[in-house]
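Engineer: my questions are about this predicted structure, shown below with the sequence.
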Amino acid sequence: MKLTKKTNEPSAIESLRREMDHFFDDLVPFSWSRENGGKTLSTWSPNSDITEDENEYQIRMDIPGMEKNDIKVNVQDGRITITGERRAEEKDEKKDFIRQERYHGSFYRSFTLPEKLREDNIQATFKDGVLMLVVPKAEVVKPKMIKVN
């Protein structure tokens with residue numbers, strides 16, 4: 001079974017949300033920050049791409065500013081769960097933020113893949129802020145023909 005393709009273009013709702021965020025940010029550009037009256041985000045969702053060929057799935061997830069020890073990957077019953085936490089940088093008390101868009105806090109992403117997986121052979125690497133999972137598919141058991149005598 002093939003996965004449904006998702007384009008890189010933001011949805012209409014996402015575009016509207018971004019436009020509204022920018023509109024309100026521009027109303028008070030030098031006084032608003034997430035700590036001073038803004039919405040504090042404790043969870044965020046890193047972007048990911050999933051590709052497939054006849055042998056495996058590949059999941060690439062952008063998680064900049066993290067260490068590999070802060071990322072956990074679990075697999076159970078064909079569901080891959082990726083969690084982690086990006087800690088906030090220490091702030092220079094002498095500086096006020098004009099704009100703060102980089103997220104910190106915990107994240108959670110979960111993917112259910114449509115085919116049986118070889119869960120014991122999944123490989124995960126993390127380099128330059130990109131998590132790469134190679135998820136091999138299990139061999140499909142083909143029906144056995146039985147000769148009728």
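Structural biologist: Yep, that arrived.
Engineer: give me the domain ranges for the chain.
Structural biologist: 9-40, 41-89+100-138 (automatic domain parsing).
Engineer: looking at those, which is buried most?
Structural biologist: Scoring the domains of the chain by mean neighbour count under mean count of other Cβ atoms under 10 Å gives domain 41-89+100-138 as the most buried, with a mean of 14. In short, each C-beta sits where N, CA and C put it, glycine included.
Engineer: tell me which of the domains of the chain lies nearest to K147.
Structural biologist: Proximity to K147 (Cβ to Cβ) singles out domain 41-89+100-138 among the domains of the chain, at 27.6 Å.
Engineer: same question for that closest one, mean pLDDT?
Structural biologist: For domain 41-89+100-138, the mean pLDDT works out to 87.
Engineer: distance from it to the middle of the chain?
Structural biologist: 6 Å (Cα atoms, centre = their mean, to the nearest Å).
Engineer: measure N47 to M61 for me?
Structural biologist: In this view, N47 and M61 are 7 Å apart by Cβ to Cβ, to the nearest Å.
Engineer: closest to V148 out of the domains of the chain?
Structural biologist: domain 41-89+100-138 (29.9 Å).
Engineer: could the domains of the chain go into CSV alongside distance to M145?
Structural biologist: CSV is the format used below for these (distance: least, Cβ to Cβ, whole Å):
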stretch, distance to M145
domain 9-40, 47
domain 41-89+100-138, 22
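Engineer: of all those, which one comes closest to K144?
Structural biologist: domain 41-89+100-138 (17.2 Å).
Engineer: got the phi and psi for the spatially most central residue of the chain?
Structural biologist: For the chain, the residue nearest the mean C-alpha position is P46 (3.6 Å; Cα atoms, centre = their mean). Per-residue torsions, P46: phi -70, psi 150 (degrees, to the nearest 10).
Engineer: isn't it up against S106?
Structural biologist: No. Applying Cβ atoms under 8 Å, one finds P46 not in contact with S106, separated by 11.3 Å.
Engineer: show me where this protein has its helices.
Structural biologist: Taking DSSP state H as the test, the helices found in the chain are 12-27.
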